[in-house]
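> Curious how this folds, go ahead:
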Amino acid sequence: MTDQVHIDALYEKAVSLLKGLIAIPSFSREEDKTADLIESFFQQEGIPAHRYLNNVWALNKYFDPAKPIILLNSHHDTVKPNPQYTKHPFQPIVEDGKLYGLGSNDAGGCLVSLIATFVHFYAQENLPFNLVLAATAEEEITGHYGIEALLLHQEFLQSVGQQSAPMQAFAAIVGEPTQMELAIAEKGLLVLDCTVHGKAGHAAREEGENTIYKALHDIQWFQQYRFDKVSEWLGPVKMSVTVVNTENKAHNVVPAICQFVVDIRINDCYTHEEVLAIIRQHVQAEVKPRSARLRSSRIALDHPLVQAGVALNRKPYGSPTCSDKALMPFPALKMGPGNSARSHTADEYVFLDEIKQGIEGYIQLLQHTKTQA
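Next comes the predicted model:
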């Protein structure tokens, strides 16, 4: 079998699998049926697969605990379909070289390309590294029962020859649509719930302390403040006030409480705690962070995985969006076929050629990666 014939066979399997995934609704926390399909795919390929919750993983045939691990990871959950869909979101439709369907671009094309890549290397002896394929859940909601739970799972740890949690790896390739460019850095996410307190009163009289007016001062500060440190790869910290509300139902009552939400994308120059401390120095609102899990992350330019990508003329860049990369306690490169601009849009699609190029690109990347100096 020639190399191209082999790649074509992998491509056909990948597209068939993606069509099957599209046809099954798999909203976050409801991915059990797509997990079943992925398990079935590995069974048909003669590859033992394991499962924890809705996370499916497999190891290369000649897994050697003495060798470093490269994790191949992408997710099989989706958001709910955009109401502006004109095509059926769960019907895999091929038109003009595009495969339409919910999750086709984010991140189905990446997932099936990584699975095909794993199948390519699965039975090869004397690999310089181990490969672990993990198709995980709840990425779209950054849930606790996706990659984060898997890396802590005892059966998973035992299968990869590790005792302490979370699992450690030489590197990970996180499949997200980057047009196969190298997203080496990723902004972290900090969401703040802010509450301003005042005093209720009648709007017709000079009564009360209007919390909307007080909140406006803080909101203006969030709009205008600029953090000093600007990242080479991720640029400045970006703060956006996205929700404002009061508990008032009546038009003639000065509100005693005004609440607003701030979405903050943090570069790799600051920790969540540092950003929070600066904010609290400048605003009068009571500020409560929802979560500090999604930290900014960066894999070094001189990491062998990145160097392999650069050697293949792939461009490193910083990504403004979050992914499961943020939950990995080891170096991770975000890379995959498709275009992030198509994610979560109506009539989502991935080009079929992108899937083939994704498989070829992932295989080449791993072939060029050296785990030892």
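
> What pairs with the lowest-mean-pLDDT helix or strand in the chain, parallel or antiparallel?
The helix or strand with the lowest mean pLDDT-type score in the chain, counting by mean pLDDT, DSSP states H and E, is strand 201-202 (a mean of 80). Based on DSSP bridges, the pairing partners of strand 201-202 within the sheet are strand 253-254 (antiparallel).

> Give me the residues contacting the strand it pairs with.
Surrounding strand 253-254, the residues in contact under the criterion Cβ atoms under 8 Å, 6 or more residues apart in numbering are 198-203, 207-210. (Each C-beta comes from the backbone N, C-alpha and C, glycine too.)

> among those, which ones are buried?
Taking 16 or more other Cβ atoms under 10 Å as the criterion, what is buried in the contacts of strand 253-254 is 198, 200-201, 208, 210.

> quick one: the strands in the stretch 1-150 of the chain?
Remark: strands of the stretch 1-150 of the chain, listed N- to C-terminal, are 50-52, 55-59, 69-75, 93-95, 98-100, 130-136; assignment by DSSP state E, counting those that start in this stretch.

> The ones you listed: which one's closest to Leu305?
Nearest of the strands of the stretch 1-150 of the chain to Leu305, taken as Cβ to Cβ: strand 69-75 at 7.5 Å.

> in stretch 116-129, what's buried?
If you call a residue buried by 16+ other Cβ under 10 Å, then stretch 116-129 has these buried ones: 116-122, 127, 129.

> first to last residue in it, what's the distance?
Distance between the two ends of stretch 116-129: 17 Å, counting by Cα to Cα, to the nearest Å.

> Can you give the domain ranges for this structure?
Residue ranges of the domains in the chain are recorded as 3-186+296-368, 188-289, according to automatic domain parsing.

> ok, of these, where does mean pLDDT dip lowest?
Least confident of those, judged by mean pLDDT, is domain 188-289 with a mean of 94.

> quick check, distance from that one to the centre of its chain.
Centroid displacement of domain 188-289 relative to its chain, using Cα atoms, centre = their mean, to the nearest Å, is 26 Å.

> Over to stretch 125-133?
24 Å.

> Ends of that stretch, what's the gap?
Counting by Cα to Cα, the length from the leading to the trailing residue of stretch 125-133 is 17 Å.
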